[in-house]
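**Student:** Whatever this is, show me its structure:
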Amino acid sequence: QLQLVESGGGLVPPGGSLTLSCAASGFAFDQYVIGWFRQAPGKEREGVSCIETNNRTRYLDFAKGRFTISRDNAKNTVYLQMNSLKPEDTGIYYCAAGRISTAQAMCILKTLDFWGQGTQVTVSS
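**Tutor:** Next up, the predicted model:
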């Protein structure tokens, strides 16, 4: 069974940090591009950052300099370290996997195969 399980979300004050995890199972993780997306209330789901099998990455402009994506193939896990969080970063964060994709295509065009269930991130004082 193909599965992505996100964790690490929560409530954090502005300026704080969180690290999200995406644990994969049921497929050849090291052959897939993995991406993080988010969806704020009333808005469309958007790409945040994506990482290829060779660790090449893509960040959307709002994430550059604040967020860092990484993957650990031995643990079948992708991480998203988020620093200097802002209230506008609030939303549900999803991870996704794509076999035939690139970080650019996944993050911008949502070229992917399946999604996780998401984890809530709330940035508020």
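
**Student:** Going by C-alpha atoms from here, please, whenever you check contacts or count neighbours.
**Tutor:** Noted.

**Student:** Which positions are bridged to the residue most central in space within the chain in the beta structure?
**Tutor:** With distances taken as Cα atoms, centre = their mean, Trp36 lies nearest the centre of the chain, 1.9 Å away. Beta-bridge pairing for Trp36 (DSSP bridges): Ser49, Cys95.

**Student:** Give me the contacts around the helix or strand of the chain with the lowest mean pLDDT.
**Tutor:** Within the chain, confidence by mean pLDDT, DSSP states H and E is lowest for helix 103-109 among all helices and strands, at a mean of 92. Helix 103-109 is contacted from outside by 33-37, 46-52, 56-60, 98, 111-112, using Cα atoms under 8 Å, 6 or more residues apart in numbering.

**Student:** how far out from the middle of the chain is the helix or strand Ile92 falls within?
**Tutor:** Assessed by DSSP states H and E, Ile92 sits inside strand 91-98. Counting by Cα atoms, centre = their mean, to the nearest Å, strand 91-98 is centred 5 Å from the centre of its parent chain.

**Student:** helices or strands up against it?
**Tutor:** Counting contacts by 3 or more Cα pairs under 8 Å, 6 or more residues apart in numbering; DSSP states H and E, strand 91-98 packs against strand 3-7, strand 33-39, strand 114-115, strand 119-123.

**Student:** What mean pLDDT does the shortest one get?
**Tutor:** Strand 114-115 shows an average pLDDT of 94 in the prediction.

**Student:** count of residues packed around Ala24?
**Tutor:** Neighbourhood size, Ala24 [other Cα atoms under 10 Å]: 23.

**Student:** same thing with the one 5 residues further on?
**Tutor:** For Phe29, the count of nearby residues is 22 (other Cα under 10 Å).

**Student:** With the one 4 residues further on instead?
**Tutor:** Val33: 27 surrounding residues under other Cα under 10 Å.

**Student:** Quick check: chain neighbours aside, which residue is closest to it?
**Tutor:** Nearest residue to Val33 in three dimensions, chain neighbours excluded: Glu52, at 4.5 Å (Cα to Cα, 6 or more residues apart in numbering).

**Student:** my guess is the residue nearest to the centre of the chain contacts Ala96, does it?
**Tutor:** Yes - the pair Trp36 / Ala96 is scored as a contact, 6.5 Å apart, by Cα atoms under 8 Å.
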